[in-house]
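**Q** quick one: sequence and predicted model below, then my questions.
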Amino acid sequence: MRHLTDRLIIALLLLIISIFINQTQTFAFLPTHSQAEIKWERYSSGGEEFSVLLPDLPSIATVYRPNDTPEKPKRGRMYSTYADGLVFLILSFNNPNRAESLELFLDEVHKDELLQFPGLHREWTFERIVPLGGVGGKQFRIKPGNNNDAGGIVQFYMTSNHVYVFAVIGNDLSKVSVNEFLGSITLDGRAGAIDIAGASKNTEPPKFTLASQTPSPNGACQATNRNPVLMPKETTHKAIVITRPIPNYTEEARKHDVSGVVFLRVVLASSGKVTNIVARKILPDGLTEKAVEAASKIKFIPAMVNGKFVSQYISIEYNFNLY
């Protein structure tokens, strides 16, 4: 009888162990939040000839070319988004009947006259010709600098009415998402793509608080211990700002000859989003709101500590001058 009891106990223990192992194996294959797959979708925009796969709805900002004036605008559009340590960019410039050469745009971008990339003043190297649907293109490689600056791959294309620049910027260009982006580019205005401009109209304007109304002594929301917001000196590698859009002037501010500085403090979050925007110095007639809008569209590589992305404070000044 005792032997039978012992056998039953052993069998019961083995069953419990087996169930535990099976549950452990099952949970091991469940994706965690950090491992969740990025949902890539095809995007385009009204009046554009391109379509491309992107990991998120991109923001839209104006890019000002050299010699751009209100009387003779030579502006372009920048579509940008972030995912997994990489910034994805599309620049679009009207160029009816190929009035200006591709080399002119190459030179403007190379000299950093177009984008004011804080983290990309680096050596550019031509890599290869990249033909696409009968359109000739050129690919360049941006070498990273010595101060943890990002590198990148940039492709230029000229269609009948546009010049397009596609760029992916980051510290690790061996990621699958680099080819996911560059390999998906089309210049035939593919139908069925999500309209960037239309989708952007449904997004809420960025929120901000005034420094006088913010309870935190640092002028930003208090962080939790699980996700602290660090000062730049507390990080292993500071956040790398890739694009910093220029805010537009408002008509009301022009009428009233308003000029001055808007001073913001924001968090460059580990998610790649700009959060906790606090206005420490403001201007009237909508200029503070325009500065906040521009700040919300900043694209960056998040700061790092011991190989992990972290959130970091940063201060930003926007100067508004009529002349």
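**A** The structure has been received and is ready for your questions.
**Q** restricting to C-alpha, output stretch 198-207 in PDB.
**A** Taking Å, rounded to 0.1, in the frame of the first residue of the first chain, the C-alpha atoms of stretch 198-207 are listed here in PDB:
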ATOM      1  CA  GLY A 198      -5.700  63.500 -44.900                       C
ATOM      2  CA  ALA A 199      -4.700  61.300 -42.000                       C
ATOM      3  CA  SER A 200      -2.800  64.200 -40.300                       C
ATOM      4  CA  LYS A 201      -5.900  66.300 -40.300                       C
ATOM      5  CA  ASN A 202      -7.500  63.900 -37.800                       C
ATOM      6  CA  THR A 203      -4.700  64.100 -35.300                       C
ATOM      7  CA  GLU A 204      -5.000  66.400 -32.300                       C
ATOM      8  CA  PRO A 205      -2.700  69.500 -32.000                       C
ATOM      9  CA  PRO A 206       0.100  69.000 -29.600                       C
ATOM     10  CA  LYS A 207      -0.600  69.900 -26.000                       C
END
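**Q** show me the contact partners of it.
**A** Gly46, Leu57, Ser59, Ile60, Val274, Ile277, Glu289, Val292, Glu293, Ala295, Ser296 (C-beta atoms under 8 Å, 6 or more residues apart in numbering). No exception for glycine: its C-beta is placed from N, CA and C like everyone else's.
**Q** ok, now with 6 Å
**A** Residues from elsewhere that reach stretch 198-207 (C-beta atoms under 6 Å, 6 or more residues apart in numbering): Leu57, Ile60, Val292, Ser296.
**Q** next: stretch 124-136.
**A** Residues contacting stretch 124-136 (C-beta under 6 Å, 6+ apart): His110, Gly137, Gln139, Phe140, Arg141, Ile142, Gln155, Tyr157, Thr159, Leu187.
**Q** buried sites along it?
**A** Neighbour counts over stretch 124-136 (16 or more other C-beta atoms under 10 Å) mark Trp124, Val130, Leu132 as buried.
**Q** redo those residues as TSV? Include secondary structure and pLDDT.
**A** Converted to TSV, those look like this (DSSP: H, G, I helix; E, B strand; the rest coil; pLDDT from 0 to 100):
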residue	secondary structure	pLDDT
Trp124	strand	82
Val130	coil	94
Leu132	strand	90
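**Q** the contacts of stretch 198-207 in helices, which ones?
**A** Mapping these onto helices (DSSP state H) picks out Val292, Ser296.
**Q** out of the contacts of stretch 198-207, who has the most neighbours?
**A** Val292 (24 neighbours; other C-beta atoms under 10 Å).
**Q** need the contact list for the closest residue to that one other than its chain neighbours.
**A** Of all residues not flanking Val292 in the chain, Phe208 sits nearest, at 4.7 Å (C-beta to C-beta, 6 or more residues apart in numbering). Going by C-beta under 6 Å, 6+ apart, Phe208 touches Ile277, Ala279, Val292.
**Q** quick one, what contacts the second one?
**A** For Ala279, the contacting residues are Phe208, Leu210, Leu264, Thr288, taking C-beta under 6 Å, 6+ apart as the criterion.
**Q** for it, helix, strand, or coil?
**A** strand (DSSP: H, G, I helix; E, B strand; the rest coil).
**Q** of all the contacts of stretch 198-207, which comes closest to Tyr323?
**A** Val292 (23.9 Å; C-beta to C-beta).
**Q** re the thing from before, any of the contacts of stretch 124-136 buried? List them.
**A** Gly137, Gln139, Phe140, Arg141, Ile142, Gln155, Tyr157, Thr159, Leu187.
**Q** the first one against Gln155, yeah?
**A** Yep, that's Gly137 we're talking about. Yes - here Gly137 lies in contact with Gln155, judged by C-beta atoms under 6 Å, at a distance of 5.5 Å.
**Q** how about the contacts of stretch 198-207 in CSV, adding pLDDT and distance to Glu234?
**A** Listed next are the contacts of stretch 198-207 as CSV, based on pLDDT from 0 to 100; distance: C-beta to C-beta, whole Å:
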residue, pLDDT, distance to Glu234
Leu57, 96, 32
Ile60, 95, 33
Val292, 97, 25
Ser296, 96, 24
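**Q** tell me which two of the contacts of stretch 198-207 sit farthest apart.
**A** Longest span within those, C-beta to C-beta: Leu57 and Val292, 18.8 Å.
**Q** Pro232 and Ala239, how far apart?
**A** Using C-beta to C-beta, to the nearest Å, Pro232 is found at 8 Å from Ala239.
**Q** which of the two has more neighbours?
**A** Shown here are Pro232 and Ala239; by other C-beta under 10 Å, Ala239 has more neighbours (26 against 13).
**Q** need the phi and psi values for that one.
**A** phi -60, psi 140 (degrees, to the nearest 10).
**Q** quick one: neighbours of Leu86, just the number.
**A** 25.
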